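**Student:** The sequence and its predicted three-dimensional model are supplied below.
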Amino acid sequence: MSPSDSQRKPPVAGTQTLMRGLTVLELVANGVRDVKGLSSAMGTTRGTMHRMLSSLVADGYLHHIPYGGYFLGPKLIRLGMAALEERPVVALAKPHIEALARSTGDTIHLGVLDGSDVLYLDKISGSRGLLMRSRIGQHMPLATSGLGKALMLDLPAERWKDFYDRATLLKRQAGGRPNPIPWARYADQMKTYRETGWVYDLEENETDIRCVAAPIRDVSGRVVASVSVTSAILYMPDDRMAQLGPQVRATAEAISVDLGWGRP
């Protein structure tokens, strides 16, 4: 027996069952609501899936609505809130983004880098009555969202191109329209954004929706999050976006200071 064989640990009992249960939760979170869809995605029989779902419902991880399907349960909501509260940027940013929401009347988002995506950590709906598709816990490609562009500002230009190409590919695969901004102009805009300290989303993520975003930095000066103001194009003409830029940047800097960042 080789040293590597003797050191190899046996699989922990129940690990496979645990991972299958977690996969079911992720599928439900992504909108797969019915037994047929879940069993197909998991490669299990409907009987097996029924038993898994019944256990998850009984433990509070899922909630079942007759003829409506399965939804995330109250226990996950409590765990999710606890996880958010443990992220210091969420707690520290809250009063700042609430003040920004009150002063602008628009929807405010807070996000962080998660792989090649931006992960939405917080959202405060605006007072204009507009319905935004975004939600806490959602992932979006970096290159086509205001939050994502702000997170990309300190990266080298070749990384911008990688994220731009990835976002373009994902849109093509989903049957959506290509990025309305060609790469050459996109790169020039990013260079300008790096100088101003805020970025624009010019309907690149969603038709008729625009936003202004800025990066949030930690004590080391590294970009660790971003904040954005989002609204319909009706409320986001070019001149208002230009006026919002310094305000969004000031909010991001105030959060950064609370995280230990020192203005250069």
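**Tutor:** Right, received. Where do you want to start?

**Student:** Walk me through the domains of this protein.
**Tutor:** 3-78, 87-258 (automatic domain parsing).

**Student:** and the shortest one, how far out from the chain's middle?
**Tutor:** Centre-to-centre, domain 3-78 and its host chain are 23 Å apart (CA atoms, centre = their mean, to the nearest Å).

**Student:** Export the domains of the chain as JSON lines, with columns for mean neighbour count and mean pLDDT.
**Tutor:** For every residue, glycine as well, the C-beta is placed using N, CA and C. Listed next are the domains of the chain as JSON lines, based on neighbours: other CB atoms under 10 Å; pLDDT from 0 to 100:
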{"stretch": "domain 3-78", "mean neighbour count": "13", "mean pLDDT": "84"}
{"stretch": "domain 87-258", "mean neighbour count": "18", "mean pLDDT": "92"}
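
**Student:** For the stretch 151-264 of the chain, which segments count as strands?
**Tutor:** Along the stretch 151-264 of the chain, counting by DSSP state E, counting those that start in this stretch, strands occupy 199-202, 209-217, 223-232.

**Student:** Looking at those, which is nearest to residue 62?
**Tutor:** strand 223-232 (30.3 Å; CB to CB).

**Student:** And that closest one, what does it pack against?
**Tutor:** helix 88-104, strand 107-114, helix 146-152, strand 209-217, helix 238-258 (3 or more CB pairs under 8 Å, 6 or more residues apart in numbering; DSSP states H and E).

**Student:** For the first one, enumerate the helices and strands it packs against.
**Tutor:** Applying 3+ CB pairs under 8 Å, 6+ apart, one finds that helix 88-104 makes contact with strand 107-114, strand 117-124, strand 223-232, helix 238-258.

**Student:** how near is residue 148 to residue 154?
**Tutor:** For residue 148, the distance to residue 154 equals 13 Å [CB to CB, to the nearest Å].

**Student:** Just list the residues touching the nearest residue to residue 190 once chain neighbours are set aside, thanks.
**Tutor:** Of all residues not flanking residue 190 in the chain, residue 160 sits nearest, at 5.6 Å (CB to CB, 6 or more residues apart in numbering). The contact partners of residue 160, by CB atoms under 8 Å, 6 or more residues apart in numbering, come to 143, 152, 186-187, 190.

**Student:** so residue 63, which of the three states?
**Tutor:** Here residue 63 is strand, with the state taken from DSSP: H, G, I helix; E, B strand; the rest coil.

**Student:** Look up the closest residue to it, ignoring the ones flanking it.
**Tutor:** Nearest to residue 63 is residue 73, by CB to CB, 6+ apart, at 4.4 Å.

**Student:** quick one: the one you found from residue 37, how far?
**Tutor:** Distance from residue 73 to residue 37, by CB to CB: 18 Å.

**Student:** ditto for residue 210
**Tutor:** From residue 210 to residue 37 the distance is 35 Å (CB to CB).

**Student:** what does residue 169 give?
**Tutor:** Separation of residue 169 from residue 37 (CB to CB): 25 Å.

**Student:** cool, and residue 112?
**Tutor:** For residue 112 relative to residue 37 (CB to CB), the value is 30 Å.
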